Structure formats: C-alpha cells, structure tokens
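A.B. asks: Prediction below, plus the sequence it came from.
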Amino acid sequence: MPANQQILLDNRPDGEATVNNFKLVTTQTPALADGQVLVRHHFLSLDPYMRGRMNDSKSYAASQPLGEVMIGGTVGEVAESKNPKFQPGDKVVGMGGWQEYSVVDAAQPGALRKVDTTHVPLSHYLGAVGMPGVTAWYGLVKLINPKAGDTVVVSAATGAVGSAFGALAKARGCRAVGIAGGPEKCKYAVEELGFDACVDYKLHKDAHSLSKALKEACPDGIDGYFENVGGMVLDAVLLRMNAFGRIAVCGMIAGYDGKPMPLANPALLLVNRIRLEGFIIAEHMEVWPEALTELGQLVGSGKLRPRESVAQGIAAAPEAFLGLLKGKNFGKQLVKLI
C-alpha cells in the first residue's frame, strides 16, 4: 500500500490561525478490509468552515480533534476496491481530508459518491457542483425564495458559493448584485459570472460608505441577502434592505478569528420585519439531488463558469487555507494532489 502524506491539526489557534497549528506527516496506508475502497485524491477542497472546527468551542459541528487529519472534501479516483459497487478508475467525491489517500468504508451512506466527468470537470464537484453550490442553492431557493425582478445580494461574490449564487439568481430573473474585494474580482463578477453589478468593499472604510455604493447598485433596495462575511458588510446591507426582506446566513468569515462582531443597527431587523435564518447545508441532504442537477446543467451549458485558485501539493494546504481566510483566493480554493 502507498505512503500517504497527511496534514494534522497539531494545536489550536490562539486568535488568528497560523501555519504552526498544522503538522505534515507521512504514514503507511493500511490494507483494505472487505467493503473498503482506497481513493487516490486528485483535489482537496479548502473552505472557511474549517476555521471554526479548529477551535475547541461550542459550534454547529464537533471540533477537529488534535493529532488527526484535518477534515475536508476531496475528489479523486478509486485506486483499489474491496467493494463491489466501486471499481478502480471510478471518479468519486467524498470527505477524504487533508491527505493524499483515504481508506473509505464505502458501505456507509454518503461516504463516497461516483461522479460523471463527461461534461463537468472533476474539480468542480468540490465547488459549483458540490457542497458550495448546494449551499448557494439552498440559501437562495429555500430561504430567500425570490420572485422574478427581486434584487438579491451576496457577499464574497466571486468565491465558490457566491459565483453559484449569481448564476442561480439570474436563472430566476433576479437582479443579482455581488460584493467582492478588488477591481479584478468585481470585473470578473460582472463580465464572467453575469452579475448585474458588483461593489468593491475595499474602497469603503465604514458601513455608511459601503451602503451608499449599495444604494447605487440596488436602486430598488435589497429583497434578499446571502451572508458570507458579517461585520461591516452586514451593517451596510441592513441599511438598504426592503421591508419583509430575507437574509440567509451561511458564514461570517470576518469573525472566524474570534473577534466580536457587534451589529450596528439591530433595530432594522424589526423596523423592516426582516426574516434572518442561519443554516448548515449538511442538515438539508434532501435538497442535494435537485440542487446538483440544476448546478450541473448550469456548468455544462456554460451559464456558470466557476474560477479556481489551485495550490500545488499537500504541503501547500496550510498557507492556501490561511490565504482563503484573508480573501487572497480568486474563486474556489483547491489543492491539487496529483
């Protein structure tokens, strides 16, 4: 069995996460038992939720145990199988973690899923046609529930979730407005992803300034908002929300280092009768088939053209992950492992 390079969580962050929280080790892959599959990972997904798992604190998911392989989504190829449902060469998606190989008990429901790479590149099953895409679909369709003509806004608009959100919103006849960092990302949002407008938050030092820019981009106000960031961005959006607006809260990356994020104008939630709901997509597995079908069609038809930032090799994962938390990625952040 092959040697396997792995990244472990070595110690917990004290404030901001650093590369010293991680440890690279090499282990021997164990022999397969009946029902198991050996997967050679091609790509590892890096996602903001991983930062919360690094803390030993109450959250919606269990903390990442110390001394164990970091959790993470992977796509790859079956290298060896002792399960009749999987054959060597099958392309699969699973939660293999920050390592080059994984041994999977393929009989467990949802542990490993075959994917078709005829029209959708393998890596996209970690982004637009994977968990991030389904996250965007659920927040838009089930929580914001827009009608044609509504104005919907998403922060981190050029990331894996935001880019899928834009395509899904346009398919429903909405005015889609993004919030992103830097002119290059905003240009990409409009010209490649099809957003009607994109606001560069880096040009604004406070919520009132950002809110003025949102007023220009959203002349009819904001009916629905998909929240990935929190902090100043949420304050700015609340100033522009229409009565009976809906906010789907997916993440608040501005506070992932443990800094408090006070809300400047919480009374606006009452004044505008806002419905705000947080959600975790793993708790809504019933929507995945419908969502993945639509997302696959959008990618296959070219209506969703996701961009990827790719780091090379498992050793590069910690630096790439820390860069993701600071918005250094452009599109879905991946690590190429083969």
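C.D. replies: Here it is on my side, so go on. Numbering: from 1, shown residues only.
A.B. asks: Would you mind giving the secondary structure of P260?
C.D. replies: coil (DSSP: H, G, I helix; E, B strand; the rest coil).
A.B. asks: now the helices: where do they sit in the stretch 201-338 of the chain?
C.D. replies: 207-217, 232-238, 267-271, 288-300, 317-325 (DSSP state H, counting those that start in this stretch).
A.B. asks: Compare those and report which one is nearest to L168.
C.D. replies: helix 288-300 (7.3 Å; C-beta to C-beta). Where C-beta positions appear, they are placed from N, C-alpha and C, glycine not excepted.
A.B. asks: elements contacting the closest one?
C.D. replies: helix 131-138, helix 160-171 (3 or more C-beta pairs under 8 Å, 6 or more residues apart in numbering; DSSP states H and E).
A.B. asks: and G182, what does it touch?
C.D. replies: 200, 202 (C-beta atoms under 8 Å, 6 or more residues apart in numbering).
A.B. asks: Now it. Its backbone dihedrals?
C.D. replies: phi 110, psi 150 (degrees, to the nearest 10).
A.B. asks: One more: the one 3 residues further on?
C.D. replies: Dihedral angles of K185 (phi, psi; degrees, to the nearest 10) stand at phi -70, psi -40.
A.B. asks: Could you find the closest non-adjacent residue to it?
C.D. replies: Distances taken as C-beta to C-beta, 6 or more residues apart in numbering put T158 closest to K185, at 4.5 Å, once the chain neighbours are dropped.
A.B. asks: The one you found reaches P183, doesn't it?
C.D. replies: No: applying C-beta atoms under 8 Å as the test, T158 and P183 come out as separate, 11.7 Å apart.
A.B. asks: higher neighbour count, those two?
C.D. replies: T158 (30 against 12; other C-beta atoms under 10 Å).
A.B. asks: and the helix or strand harbouring K187, how far from the chain's centre?
C.D. replies: Assigned by DSSP states H and E, K187 falls within helix 183-191. Centroid separation between helix 183-191 and its chain, computed with C-alpha atoms, centre = their mean, to the nearest Å, is 19 Å.
A.B. asks: Same check on stretch 25-32?
C.D. replies: Centroid displacement of stretch 25-32 relative to its chain, using C-alpha atoms, centre = their mean, is 29 Å.
A.B. asks: how long is it end to end?
C.D. replies: 21 Å (C-alpha to C-alpha, to the nearest Å).
A.B. asks: So which bits of it are buried?
C.D. replies: Of the residues in stretch 25-32, 29, 32 count as buried by neighbour count, 16 or more other C-beta atoms under 10 Å.
A.B. asks: Mean confidence (pLDDT) on that stretch, please.
C.D. replies: Taken as a whole, stretch 25-32 carries a mean pLDDT of 96.
A.B. asks: what comes into contact with that stretch?
C.D. replies: With contact meaning C-beta under 8 Å, 6+ apart, stretch 25-32 is reached by 1-6, 8, 38, 80-82, 101, 103.
A.B. asks: Quickly list what the closest residue to L324 other than its chain neighbours is bridged to.
C.D. replies: Nearest non-adjacent residue to L324, counting by C-beta to C-beta, 6+ apart: Q333, 4.6 Å away. Applying DSSP bridges to Q333 gives these bridge partners: S309.
A.B. asks: export the helices of the stretch 201-338 of the chain to a markdown table and tack on mean pLDDT?
C.D. replies: As requested, those are exported to a markdown table (pLDDT from 0 to 100):
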| stretch | mean pLDDT |
| --- | --- |
| helix 207-217 | 97 |
| helix 232-238 | 96 |
| helix 267-271 | 96 |
| helix 288-300 | 94 |
| helix 317-325 | 95 |
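A.B. asks: Alright, that wraps it up for me.
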